[in-house]
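K.L.:
Requesting a structural model of the entry that follows:
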Amino acid sequence: MSFILKSIELKNIRAHEHLIFEPALEGITAISGENGAGKSTIVDAFAWSLYGTRPSGVKNRNLIKDGIDPKEKTVSVKSILIVGGIEYAIERKIITPQGTTECNVWGKKTGATKFTQVAGPSVSHVEKFIRNELGMNEKGFLTSVLIQQKQVDQIVSASPRERGAVIEELTGIASITQAISKANETTRGLEKAASIFQIGNLEEVEKKVEKQEKVCEEIEQKEKNAIEKFKDTKIEHKNLKETLDIEQEKVNKRIKLSQKVDRLKDKIEFLKTQAENDLKQIVEFKKKYGTTIYADTKNSKKRVDEKRSESYKVKSSIDNLKKELSKIHGDLEKCSILSESFDKQEDAEKKLKEKEENLNKLRKLLEKEKDIKSNLSSELKHSKNSHNHINGEDKNCPVCKSALENPESLRKEIEEEIEKIKKEQKENDARIKKTEKEIKELEEKSRETKVAIEAFKESTHLATEKEKKKEELKKEVEKYKLIDSDLKVLEEEYDKALRVEADKKSLEQAKQRSLNANEYIDNHEKEKKELENEISNLNALTDRSLNALITKVNSSQEKLTKMSIAGKELVGRKNLEKERLEDNKKNLKEVQETLEKYNELAEEIEISSSASSMLSAFKADRIEHAIPTLEFYASDFHSKFTGGDFTKLSVDEKFNTFVTTSSGQVRPVAQLSGGELSSAAIALRLGIAMLLNSSENNVLILDEVLVSMDEERSRQIMETIGSMTNSQIIFIAHNTDINSMADKTVMISK
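P.N.:
Numbering: from 1, shown residues only. From the prediction side, this is the model:
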């Protein structure tokens, strides 16, 4: 489907902070400017907004203008297109610094005033909608609409196979190729399925059954032998395990007793060291405090708690005042938003008065129209009664009772009067509806103005309250500082009292420990000796001997496990061989069924192969008819580009490309050089575009396609494109002389 580009709006995309590009709706629009000004960014952004196409494969986050955070400022491209009488606004946004995007589409029909959303914000949803509306995917767009220098070069440097793939995709031949591939895939699948079938005979099946029965008997005998051996090994393992449990218990007891002995040794050494330290502590305490010391921690704590409570109350008051100030600030912001349409309250009140006067006028007008409606209804009723009377049996005047002279003429006059009244009623209804709508809109605006007036009044009150709360907060902060200073002094006094009390308590504990230290040491020495005798009498194995026994038990367990696994494998194999025996018995019956299915598959293979052949023939026919049309357009362009030096640009069935000179010499396009090669490439690309859009108005974007051309050849190509296509052409070039040929020139600066 054809479309016209109305505008492209860029916000914080690459070098552009805010740019609106509006091309001429008909003819040629030239985008001109110095290198690095961002000319190509405009058309790249257009492709990105439609399909997410990224120039040179850059990531979305690299499209964001330097220094811009998408969470704070809009980063987007909005393209407005006209497609089949519908105007679409397509906006693609980058919403995170990482490049996450969303996309929306709004549409409105010709004559409508508002856009309504038709797709988005899901990117996949929007891109599917755009493909359906424009009738082309991203590849088709980059082939038939946006033509860039690098793509122009690629169309001639590409292999015939790659060039053919592009043309097939555009002409619909690719779908036939896919159908052929699908048919061939189906044929291969059927042939693979047919190759699986193995048709045997009765004699072979009987031999397999007999052989399988012998295999099953041998496995069952092996299973019996394995069960007996497993039982013997299990008894042996049980005896070893019982011995290990007994010896392990002795060793565990020995380890526990040894650990107790070690702990007692540590306690004895600790008690000796502690006794020495306690003696030193008693001496040092006397040196530090003397014989008398007093510390009133209870009163110190009470004073700290009282001052801390006072601090909490003042701090709470400060927090409450801050919350109240924050709320007042929020309310002031709301009032500012509600009244932002007016500079001052007097302006809002004046505006409200004007709106109320207009409302009164509209309401009077509405009452007048409703009176007219009532009169028209009365007149219509009267006319209908007169019409019904004439159509009745009584042909006399309903007023004077005299005979009517010309009832038919009178009936016609009444019918015309009825139609006139109905027309006036319709016009009256339209005026009433319009007036009611205007009243409703004006009432809504009046309500908004009243809200703004109230917001002005509330702002004055809140400003006064704000200053009052600030003064209260200042006083409370000063008070809190004084209390906090006093609290720190009291806390230091309390900490000092606590340290003195702790030292006294530690002194008492040291004295008590000194009295009991020798008694504890003697008891521990006695207990240690008893434990050492118990270890000697236990007669437990050494760690090395125990490890050897554990290894033997583990080996026995491992042997049991292997035997168990082997037994399970043997059972599994027995079941498998029995299943094979059953399968062999069923095989004879399946031979006939297999043969029947094989014949059915052979028939399906023949049908699928025939379908593939027919589709291949149809594809060849489509290529045969598409290539002449492409050659016609491309040859016409190329001949005019070169002033008649080349008369034909041809494409064979394998998509090799050739040119014919004015002297009749045929040369491969790849052998051309410089401007001739670029001319042929542009002609071929335009030929593909015309193949799609030959009968429709459409957009054609040429981005730097004349880089290798001299000024004369560039002008000749531009004049040819402007005269031979009915497209909306957007052209980007460094040659400013080309701008004189354009219907509109847009200058882009850094």
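K.L.:
mind checking the SS state of Y88?
P.N.:
Following DSSP: H, G, I helix; E, B strand; the rest coil, Y88 is assigned to strand.
K.L.:
So it versus V283, what's the distance?
P.N.:
As judged by Cβ to Cβ, to the nearest Å, Y88 and V283 stand 97 Å apart. Every residue, glycine included, has its C-beta placed from N, CA and C.
K.L.:
again with E438
P.N.:
E438 is 104 Å from V283, where distance means Cβ to Cβ.
K.L.:
who has more neighbours, these two?
P.N.:
Comparing E438 with V283 by other Cβ atoms under 10 Å, the one with more neighbours is E438, at 15 against 10.
K.L.:
Got the confidence number for the closest residue to the more buried one other than its chain neighbours?
P.N.:
Excluding the flanking residues, the one nearest E438 by Cβ to Cβ, 6 or more residues apart in numbering is L362, at 5.7 Å. L362 is assigned 89 on the pLDDT scale.
K.L.:
Beyond the one helix or strand L362 maps to, next helix or strand please.
P.N.:
L362 belongs to helix 345-391 when elements are defined using DSSP states H and E. Next along the chain after helix 345-391, taking DSSP H and E as the criterion, comes helix 407-538.
K.L.:
I'd like to know which elements the helix or strand just after that next one is packed against.
P.N.:
With elements assigned by DSSP H and E, the helix or strand that comes after helix 407-538 is helix 543-641. Packing partners of helix 543-641 (3 or more Cβ pairs under 8 Å, 6 or more residues apart in numbering; DSSP states H and E): helix 160-171, helix 173-196, helix 202-289, strand 646-651, helix 674-693, helix 711-724.
K.L.:
Save the ones you listed as CSV, and put in mean pLDDT and distance to N554 too.
P.N.:
Formatted as CSV, the helices and strands packed on helix 543-641 follow (pLDDT from 0 to 100; distance: least, Cβ to Cβ, whole Å):
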stretch, mean pLDDT, distance to N554
helix 160-171, 65, 67
helix 173-196, 69, 49
helix 202-289, 81, 10
strand 646-651, 85, 80
helix 674-693, 73, 78
helix 711-724, 71, 89
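K.L.:
So which of these is nearest L498?
P.N.:
With Cβ to Cβ as the criterion, L498 lies closest to helix 202-289 of these, at 14.9 Å.
K.L.:
need the next SSE after that closest one, C-terminal direction.
P.N.:
helix 297-338.
K.L.:
so that following helix versus helix 407-538, what angle?
P.N.:
Going by axes from the mean of the first three to the mean of the last three Cα atoms, to 10 degrees, helix 297-338 is angled at 160 degrees with respect to helix 407-538.
K.L.:
L376 versus C216, what's the distance?
P.N.:
Distance from C216 to L376, by Cβ to Cβ: 105 Å.
K.L.:
who's more crowded, the two?
P.N.:
Shown here are C216 and L376; by other Cβ under 10 Å, L376 has more neighbours (20 against 15).
K.L.:
pLDDT weak spots in the stretch 451-600 of the chain?
P.N.:
The stretch 451-600 of the chain contains residues with pLDDT under 70 at 588-589, 591-599.
K.L.:
same check, this time on the stretch 251-400 of the chain
P.N.:
Across the stretch 251-400 of the chain, residues meeting the criterion (pLDDT under 70) sit at 289-295, 392-400.
K.L.:
Can you give the domain ranges for this structure?
P.N.:
The chain breaks down into these domains under automatic domain parsing: 187-201+582-618, 206-288+540-575, 299-536.
K.L.:
Same list, the ones you listed, but as TSV with distance to T29 please.
P.N.:
Output for the domains of the chain, formatted as TSV (distance: least, Cβ to Cβ, whole Å):
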stretch	distance to T29
domain 187-201+582-618	41
domain 206-288+540-575	79
domain 299-536	39
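K.L.:
Of all those domains, which one comes closest to W48?
P.N.:
Of those, nearest to W48 by Cβ to Cβ is domain 299-536, at 35.1 Å.
K.L.:
centre of the chain versus that closest one, how much separation?
P.N.:
Taking Cα atoms, centre = their mean, to the nearest Å, the mean C-alpha location of domain 299-536 is offset from the chain mean by 33 Å.
K.L.:
measure that domain end to end?
P.N.:
62 Å (Cα to Cα, to the nearest Å).
K.L.:
Test for you: state the pLDDT assigned to L615.
P.N.:
You'll see L615 listed with a pLDDT of 65.
K.L.:
Same check on I432?
P.N.:
Confidence score, pLDDT, at I432: 91.
K.L.:
residue contacts, it?
P.N.:
Counting by Cβ atoms under 8 Å, 6 or more residues apart in numbering, I432 touches L366, E369, K370, K373.
K.L.:
separation between the residue nearest to the third one when sequence neighbours are not counted and E438?
P.N.:
Sequence neighbours aside, I432 is the residue nearest to K370 in space, at 6.7 Å (criterion: Cβ to Cβ, 6+ apart). Distance of I432 to E438, computed by Cβ to Cβ: 11 Å.
K.L.:
and if you look at K640?
P.N.:
Counting by Cβ to Cβ - K640 and E438 are separated by 59 Å.
K.L.:
residue contacts, H524?
P.N.:
H524 neighbours (Cβ under 8 Å, 6+ apart): L264, K267, I268, L271.
K.L.:
Nearest to I729 among the residues you listed?
P.N.:
K267 (100.5 Å).
K.L.:
Could you check how far the closest one is from M718?
P.N.:
104 Å.
K.L.:
Please apply the same query to K422.
P.N.:
60 Å.
K.L.:
And these two? Which one has more around it.
P.N.:
M718 (22 against 13).
K.L.:
Leaving out sequence neighbours, find the closest residue to the more buried one.
P.N.:
Using Cβ to Cβ, 6+ apart, the nearest residue to M718 is M741, at 5.3 Å.
K.L.:
how near is the one you found to A681?
P.N.:
21 Å.
K.L.:
So which of the two has more stuff around it?
P.N.:
Higher neighbour count among M741 and A681: A681, with 25 against 17, using other Cβ under 10 Å.
K.L.:
which phi and psi does T745 have?
P.N.:
phi -120, psi 130 (degrees, to the nearest 10).
K.L.:
can you pull the contacts of it?
P.N.:
Counting by Cβ under 8 Å, 6+ apart, T745 touches T29, A30, S32, N739.
K.L.:
repeat that for 10 Å
P.N.:
The contact partners of T745, taken as Cβ atoms under 10 Å, 6 or more residues apart in numbering, are A24, I28, T29, A30, I31, S32, F731, T736, I738, N739.
K.L.:
Contacts only, for S612.
P.N.:
A179, I180, S181, K182, A183, N184, E185, T186, T187.
K.L.:
repeat for N375
P.N.:
I421, E424, N428.
K.L.:
again with L462
P.N.:
Per Cβ under 10 Å, 6+ apart, neighbours of L462: K327, I328, H329, G330, D331, L332, K334, C335.
K.L.:
which one among those residues gets closest to S124?
P.N.:
Nearest to S124 among the contacts of L462: K334, at 39.6 Å, using Cβ to Cβ.
K.L.:
Count the neighbours of the residue lying closest to the closest one once chain neighbours are set aside for me.
P.N.:
Spatial nearest neighbour of K334, excluding adjacent residues (Cβ to Cβ, 6+ apart): A455 at 7.6 Å. Residues lying near A455 (other Cβ under 10 Å) number 21.
K.L.:
Is A455 in contact with K344, as I believe?
P.N.:
No: counting by Cβ atoms under 10 Å, A455 stays clear of K344, with 11.8 Å between them.
K.L.:
and the gap between the residue nearest to K370 and E424?
P.N.:
Distance from I432 to E424, by Cβ to Cβ: 12 Å.
K.L.:
can you list residues touching both of these two?
P.N.:
The contact sets of I432 and E424 overlap at I372, K373 (Cβ under 10 Å, 6+ apart).
K.L.:
leaving aside the residues next to it on the chain, what's closest to K241?
P.N.:
Nearest to K241 is V553, by Cβ to Cβ, 6+ apart, at 5.8 Å.
K.L.:
what does L376 give?
P.N.:
Using Cβ to Cβ, 6+ apart, the closest residue to L376 is Q425 (5.0 Å).
K.L.:
swap in S714?
P.N.:
L706 (4.4 Å).
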